[in-house]
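Participant: give me a 3D structure for the following:
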Amino acid sequence: MAVNVFPEDYDLISFFEVEPEVLDTDVPWFYNTITFQKQYADELLYCTFSPAYGDLDLTLVSNQKAKLILSLHNIEAIQILKESKSEHLKVAFHRDTLLKDFLLTLKPQVSIIWGTTYEVD
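Facilitator: As a prediction, this is how the structure comes out:
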């Protein structure tokens, strides 16, 4: 299932503060795999979007070893939320998955908020 809401390129570049790596420049961006690589002092975050498939892969590497690997699927929407002192990447899943929203914050350090339980209406 494809992502129905996806940020503009400039919003993602502003959030990650780096240019993305695009695997195939001959196809429209939505059908591409887009990877952002964010460097911290001793950590490296890889964030790969596949909007046409509704997927997002995150890998956090610390001292050249994978510290965290997350593969998110069945994504409905990805948005950049800008608040007065912070920015978040919000991932919302299709309703039929009953998963809570996922929030990624990059400043001042990588932070992830995500519930592993779900609420039934």
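
Participant: how close does L98 sit to G115?
Facilitator: L98 sits 11 Å away from G115, going by C-beta to C-beta, to the nearest Å. Yep, even glycine has a C-beta here, placed from its N, CA and C like the rest.

Participant: so which residues of this protein form helices?
Facilitator: Assigned by DSSP state H, the chain shows helices spanning 9-16.

Participant: where along it do the strands fall?
Facilitator: Assigned by DSSP state E, the chain shows strands spanning 21-22, 34-39, 43-50, 55-62, 65-72, 75-82, 87-93, 102-105, 111-114.

Participant: nearest residue to L99 other than its sequence neighbours?
Facilitator: F93 (4.2 Å; C-beta to C-beta, 6 or more residues apart in numbering).

Participant: and that neighbour, what does it touch?
Facilitator: Taking C-beta atoms under 8 Å, 6 or more residues apart in numbering as the criterion, F93 is in contact with 72, 74-76, 99, 101-102.
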